[in-house]
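Q: generate coordinates for the sequence data below:
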Amino acid sequence: MKHFLVFGTPGLVGSRFVDLIASERQPITPELHEVDITDKKSLSAFFEKEAKDFDSVVNFAAYTDVNEAEKENGDKEGLVWQVNVEGAKNVAEMAQKHNKFLVHISTDFVFPGSEENPGPYTEDTKLPDSQDGIGWYGWTKLMGEKRVEEVGGRHAIARISYPFRSHFTQKNDYARKILELYDEGKLYPMFTDQRITPTFIDEAASAIEEICELEKPGIFHLASNNSTTPYEFACYLLEKARNAKNVVKKGLLREHLKTRKGAPISLLGGLDTKKTQEVLEMKFKTWQQAVDEFIEQSSG
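A: As a prediction, the model looks like this:
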């Protein structure tokens, strides 16, 4: 059985990954005060000390607040670039130096999701050459992917999309935010013209564990095996979780984008997972099945 070093464990996705593998694998999960991936000296010293105790590295560490990230657009000295690009490169370099298999976690936000270049995107889709239609968060994650590829070594890149899970008090996610807004009477109209492929974090965690166990290189897409709209997702979620029917108002992202300021929003995005499912010999859930499991866990 392989042992893992995991960065970014306080976060929404990384913390659940650790929860699910902890009892068997007892992963090494350093906090920021122990090692800072943007500090090469700190990172190098940590690897030198701990390298004998793990086989694979999983890097969830990222600056993920999309709208806050946009305030640093173009600033390569800012925290977003330093974590998502330089930090990703530093971890990749250390993994290569110590001959560890690396899984770098990325996002569908690396693609524009535009009508000219729509998703769902396959694992083999070429990354964009320009930032057109991509926010600073997405662009730094794209650049982080490129740095990991440039470093080389034994590695995989795993992209996720609109992640959600049950029971996490520190931060809301796509599904729990909808429930919270509904419960507070503040649910806004949900878009009927946007395409997404939500990621059930528990399923993504299982896939990441398998990628590490098999040391499978390449690019993997971890999301529902079918796409939906925010409107469809919210309607199904609220009917199943709150027994509330016909309570979601319809909105159009195309109209919203005409007046919106801030980070771009992907209109026709999402991840195609067919190749990943074949390579890992796993069948991913539909988003409806994922919501069903999410609700079962939430009520348990």
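
Q: now stretch 52-67: buried residues?
A: Residues 54-64, 66 are the ones in stretch 52-67 that count as buried (16 or more other CB atoms under 10 Å). The way it works is simple: take the backbone N, C-alpha and C, and place the C-beta from them, glycine included.

Q: what's the offset of that stretch from the middle of its chain?
A: Chain-centre distance of stretch 52-67: 11 Å, with CA atoms, centre = their mean, to the nearest Å.

Q: okay, and which of the buried residues of stretch 52-67 map to strands?
A: 56-59 (DSSP state E).

Q: identify, from these, the entry nearest to Gln194.
A: Ranked by distance to Gln194 (CB to CB), those are led by Asn59 at 28.7 Å.

Q: quickly list what that closest one is bridged to.
A: Phe7, His104 (DSSP bridges).

Q: so it touches Phe101, yeah?
A: No. Under the criterion of CB atoms under 8 Å, Asn59 makes no contact with Phe101, lying 11.7 Å away.

Q: ok so, going back, for the buried residues of stretch 52-67, which two are the farthest from each other?
A: Maximum distance among the buried residues of stretch 52-67 (CB to CB): 33.0 Å, for Asp55 and Val66.

Q: phi, psi for the residue lying closest to Lys250 once chain neighbours are set aside please.
A: The shortest distance from Lys250 to any non-neighbouring residue, by CB to CB, 6 or more residues apart in numbering, is to Thr192 (5.1 Å). The phi/psi pair for Thr192 (degrees, to the nearest 10) reads phi -100, psi -10.

Q: ok, Trp287 - contacts?
A: 197-198, 200, 224, 226-228, 233 (CB atoms under 8 Å, 6 or more residues apart in numbering).

Q: any quick ChimeraX command for the buried ones out of those residues?
A: For the buried members of the contacts of Trp287, the matching ChimeraX selection, counting by 16+ other CB under 10 Å, is:
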select :197,198,200,224,227,228,233
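
Q: check which residues of stretch 31-48 are buried.
A: 35-38, 42-44, 46-47.

Q: and that stretch, how far out from the chain middle?
A: On CA atoms, centre = their mean, the centre of stretch 31-48 falls 23 Å from the chain's centre.

Q: how long is it end to end?
A: 17 Å (CA to CA, to the nearest Å).

Q: what's that stretch in contact with?
A: So stretch 31-48 is contacted by 7, 9-10, 30, 59, 61, 82-83, 86-88, 90-91, 94, 97-98 (CB under 8 Å, 6+ apart).

Q: now for these: which two are most distant?
A: Top of the distance list for these (CB to CB): Pro10 and Lys97, 25.6 Å.

Q: related to what we said a few turns ago, ok, the residue nearest to Lys250 - contacts?
A: 229-232, 250-252.

Q: just to revisit the earlier point, as CSV, the buried residues of stretch 52-67 with distance to Lys275 would be great.
A: Conversion of the buried residues of stretch 52-67 to CSV gives the following (distance: CB to CB, whole Å):
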residue, distance to Lys275
Phe54, 28
Asp55, 25
Ser56, 21
Val57, 23
Val58, 21
Asn59, 22
Phe60, 22
Ala61, 26
Ala62, 24
Tyr63, 28
Thr64, 25
Val66, 27
